[in-house]
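> kindly return the folded structure for what I paste below:
(one chain, ligands or ions: 1)
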Amino acid sequence: MLRREKDDNRRVLLKISGEALQERDNSSIIDADFATGLAAEIKEAVARGVQVAIVVGGGNIFRGTIAQALGMDRVKGDYMGMMATVINALAMESAFEMVGQEAIVQSAVATSHVVGRLSQPKADIALNKGKVVIFAGGTGNPYFTTDTAAALRAVELRCDALIKATKVNGIYAEDPVKNPQAERLESLSFQEVLEKNLRVMDQTAFSLCKENGCPIVVFDLYTKGNILKALAGEKVGSIVQ
Ligand code: UDP
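Purely as a prediction, here's the structure:
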């Protein structure tokens with residue numbers, strides 16, 4: 001059984017959606033400059049002693065619900081979505097190579113000739129050695145999301161926080177796109193999120209974090225320097241704890 005001592009280095013799980021990796025004008029499914037910039041900021045956090053695990057989404061390439069809308073089989077579509085996360089994980093691995101940060105990829109779906117298989121003990125060892133661990137393939141099961149995969153990996157690796165990179169700088173009382181005056185809530189309890197019916201993550205992901213006491217940080221990915229702050233535990237965005 002994996003054990004982490006209280007005085008161990010900070011360990012975080014960063015969830016990056018597929019859409020975050022996409023070119024802003026949709027001209028390419030991967031924005032290589034953005035991915036390299038992201039890798040460079042994560043490298044700096046690792047140099048400061050933070051252990052970083054990443055779960056990447058696949059929504060820039062495919063989602064099971066797209067298959068459904070096309071009249072295709074939903075389960076096959078979900079596997080296509082999971083394979084899409086492998087493509088994004090390889091793009092991030094390549095970005096880490098470019099900035100000189102050691103990184104490994106583990107996948108929950110079998111693609112063993114391309115990336116490693118999911119292994120919690122191996123991930124733990126790699127993180128302790130200062131390598132970034134990129135998790136692909138979501139949970140490995142259809143009907144789930146990469147948010148749930150992020151919550152699972154955060155809990156099983158005893159991470160100090162699940163850090164969700166989004167387009168908005170935190171959790172709002174209402175949708176800030178619909179109401180620009182909506183109040184930003186900086187610190188909330190899990191109970192408050194449920195009472196106020198706020199959508200922080202999908203319900204399975206949220207419940208996993210709530211039941212296992214894993215704080216969730218929601219922050220804006222596109223403000224330079226934010227990732228480093230969020231990874232290092234500095235105040236940024238909103239926190240549920
Ligand atoms: N997916 C799945 N099981 C998982 C994770 C993902 O079936 O455990 C599929 C699902 O079809 C999903 C797609 O992969 O829509 C891409 O994942 P997600 O939508 O979470 O990516 P993101 O929105 O973070 O880019």
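> only C-alpha atoms for contact and neighbour calcs from this point on.
OK.
> buried stuff in stretch 153-164?
By neighbour count on 16 or more other Cα atoms under 10 Å, the buried set for stretch 153-164 is 153, 154, 155, 157, 158, 159, 160, 161, 162, 163, 164.
> now for the nearest residue to residue 220 once chain neighbours are set aside: which residues touch it?
Leaving aside its sequence neighbours, residue 220 sits nearest to residue 169 (Cα to Cα, 6 or more residues apart in numbering; 4.1 Å). For residue 169, the contacting residues are 218, 219, 220, 221, 236, 237, 238, by Cα atoms under 8 Å, 6 or more residues apart in numbering.
> endpoints of stretch 68-78, how far apart?
Terminal residues of stretch 68-78 are spaced 9 Å apart (Cα to Cα, to the nearest Å).
> near the ligand, anything from it?
Yes. Applying Cα under 6 Å from any ligand atom, one finds stretch 68-78 in contact with the ligand at 77, 78.
> and the contacts of residue 169, which two are furthest apart?
Based on Cα to Cα, the longest span within these runs between 221 and 238 and measures 12.7 Å.
> check which residues of the one helix or strand residue 79 maps to are buried.
Residue 79 belongs to helix 74-99 when assigned by DSSP states H and E. Neighbour-count burial for helix 74-99 flags 74-75, 77-96, 99 (criterion: 16+ other Cα under 10 Å).
> summarise which helices and strands that helix is packed against.
Here helix 74-99 touches helix 18-21, helix 32-47, strand 51-56, helix 64-69, strand 103-107, strand 132-136, going by 3 or more Cα pairs under 8 Å, 6 or more residues apart in numbering; DSSP states H and E.
> got the angle for that helix vs strand 132-136?
160 degrees (axes from the mean of the first three to the mean of the last three Cα atoms, to 10 degrees).
> need the contact list for the residue lying closest to residue 166 once chain neighbours are set aside.
Using Cα to Cα, 6+ apart and skipping residues adjacent in sequence, the residue nearest residue 166 is residue 220, 5.2 Å away. Counting by Cα under 8 Å, 6+ apart, residue 220 touches 165, 166, 167, 168, 169, 170, 226, 237.
> out of the buried residues of stretch 153-164, list just those in helices.
Among the buried residues of stretch 153-164, the subset assigned to helices under DSSP state H consists of 153, 154, 155.
> thinking again about what came up before, could the helices and strands packed on helix 74-99 go into CSV alongside mean neighbour count and mean pLDDT?
CSV is the format used below for the helices and strands packed on helix 74-99 (neighbours: other Cα atoms under 10 Å; pLDDT from 0 to 100):
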stretch, mean neighbour count, mean pLDDT
helix 18-21, 23, 94
helix 32-47, 19, 96
strand 51-56, 27, 98
helix 64-69, 17, 94
strand 103-107, 23, 98
strand 132-136, 28, 98
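> how about those in CSV, adding distance to residue 191?
Shown next, in CSV, are these (distance: least, Cα to Cα, whole Å):
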stretch, distance to residue 191
helix 18-21, 29
helix 32-47, 31
strand 51-56, 25
helix 64-69, 30
strand 103-107, 33
strand 132-136, 29
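> between the ones you listed, which one is closest to residue 180.
Across the helices and strands packed on helix 74-99, closest to residue 180 is helix 18-21 (Cα to Cα), at 21.9 Å.
> need the CA coordinates for that closest one. CSV is fine.
The C-alpha trace of helix 18-21 is given here as CSV (Å, rounded to 0.1, in the frame of the first residue of the first chain):
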residue,chain,number,x,y,z
GLY,A,18,-8.3,18.5,-24.7
GLU,A,19,-9.7,21.8,-25.8
ALA,A,20,-7.1,23.7,-23.7
LEU,A,21,-4.4,22.1,-26.0
